[in-house]
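>>> Structure, please.
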Amino acid sequence: MAADDLPVLIVGDVHGDLEWLFKALKPYPAGLWHTIFLGDLVDYGMFGVGALRYARDRPNSEALLGNHEVAMLWALRDPTRVGWWIAVGGQLHDLEELRQDEPLQRWMRERPALMKLPDGTLVQHCGNDSYLGLRDEPDDVNRVVAEQLKSGSERRLWDFLSSPNVFETQSTRLVRYLDRMGARRVAFGHKPHRGKKPLAFDGGKALNFEGAVAPLPD
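Alright, predicted model coming up:
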């Protein structure tokens, strides 16, 4: 866990691109930042397992569960899902490497789906209120997610973590979601955008960091 007095650095979906990740994080020494990875560290790029290990081992860092981590764990548990997983970006060499690393498997299954920061910011993978389909308290959501990963319910987790980002256009749903979660704003990834900085919606109540590595605004 990171110290509460460190500024927060948000890292959008990495998707196995370690070269991009190393370059993007170079200006942000690990000892000076509380780094939060928004999930989807794996798939598409060639170094998904390397990205997982980097996020796990970087000091003062947290990593959230994304839909692609769920897909990879699903393929690991059920060999009939491997072809589907490859079709959504999975790299077979990453799966074989993960299969031989049980501590990393356990770490993946322990990832929270969302976090509420001390300043009232809710951090999650996709910009959708689908998390309420599980529970309406962050700790309870994370508990249910952990139980479903343990019980082999990856399909349900894939569906809700793959939900489209809606907060940028549906202000009423955003405000209702923040109220239910007791948060003042939400930061998320999942949907790519072309900007180098996070996109802000509804007066900064919703922040899309996909494609961006940036400090969390005050």
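>>> For the residue sitting nearest the centre point of the chain, which three-state class applies?
Centroid check for the chain by C-alpha atoms, centre = their mean gives residue 39 as the closest residue, at 2.3 Å. Three-state call for residue 39 (DSSP: H, G, I helix; E, B strand; the rest coil): coil.
>>> Identify the residue nearest residue 72 in space, chain neighbours excluded?
residue 42 (5.4 Å; C-beta to C-beta, 6 or more residues apart in numbering). In short, each C-beta sits where N, CA and C put it, glycine included.
>>> so where's the chain shaky on pLDDT?
Within the chain, the stretches with pLDDT under 70 are 1-3.
>>> any idea how far the residue with the largest distance to the centre of it is from residue 116?
In the chain, residue 80 marks the outermost C-alpha relative to the chain mean, sitting 25.1 Å out by C-alpha atoms, centre = their mean. Distance, residue 80 to residue 116, using C-beta to C-beta, to the nearest Å: 37 Å.
>>> one step back: not counting its neighbours along the chain, what's nearest the residue nearest to the centre of the chain?
Nearest one to residue 39, counting by C-beta to C-beta, 6+ apart, is residue 66 at 2.5 Å.
>>> Was I right to think the one you found contacts residue 51?
No. When contacts are counted by C-beta atoms under 8 Å, residue 66 is not listed as touching residue 51 (11.2 Å).
>>> which neighbours do these two share?
Residues touching both residue 66 and residue 51 by C-beta atoms under 8 Å, 6 or more residues apart in numbering: residue 41.
>>> From residue 156, how far off is the residue nearest to residue 161 when sequence neighbours are not counted?
The shortest distance from residue 161 to any residue other than its chain neighbours is 3.8 Å, reached at residue 67 (C-beta to C-beta, 6+ apart). Computed as C-beta to C-beta, the residue 67 to residue 156 distance reads 11 Å.
>>> just residue 189 next, same as before
20 Å.
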